[in-house]
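> just coords:
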């Protein structure tokens, strides 16, 4: 009988360390959340290389600018919740990019 408790099969694997399962879960959550905000393929979001992060941050910066302009202009498609989510995700990705650059240079 299958266990459909809603838990990830990765988290239930006793051979996998808890931290590794958490990292898989964090990466999957990141892909899921960013794919809801940006028109990108999951593979583009999942790539955590320096160049891919730089591209992602640039795309997010443009998306934030567009959302801000919609808000300033009073456009009917402006969504405050989306704007807040974009800003939070942008700050997280920017911090991760700076961390990668610090480790690379450092």
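The structure has been received and is ready for your questions. Keep in mind that what you see is a predicted model, and the values were worked out from it rather than measured. Residues are numbered from 1 along each chain as shown.

> Please make it C-alpha for all contacts and neighbour counts, starting now.
Noted.

> Now do the contacts for residue 44.
residue 52 (Cα atoms under 8 Å, 6 or more residues apart in numbering).

> Give me the three-state assignment for it.
Following DSSP: H, G, I helix; E, B strand; the rest coil, we place residue 44 in the helix state.

> What ranges does this protein have for its helices?
Taking DSSP state H as the criterion, the chain carries its helices at 9-12, 18-37, 42-46, 50-73, 80-105.

> Pipe these into JSON lines and attach mean pLDDT per row.
As requested, those are exported to JSON lines (pLDDT from 0 to 100):
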{"stretch": "helix 9-12", "mean pLDDT": "43"}
{"stretch": "helix 18-37", "mean pLDDT": "79"}
{"stretch": "helix 42-46", "mean pLDDT": "92"}
{"stretch": "helix 50-73", "mean pLDDT": "96"}
{"stretch": "helix 80-105", "mean pLDDT": "94"}
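
> what's the burial count for the closest residue to residue 90 other than its chain neighbours?
Closest residue to residue 90 apart from its sequence neighbours, by Cα to Cα, 6 or more residues apart in numbering: residue 60 at 6.1 Å. Residue 60: 22 surrounding residues under other Cα atoms under 10 Å.
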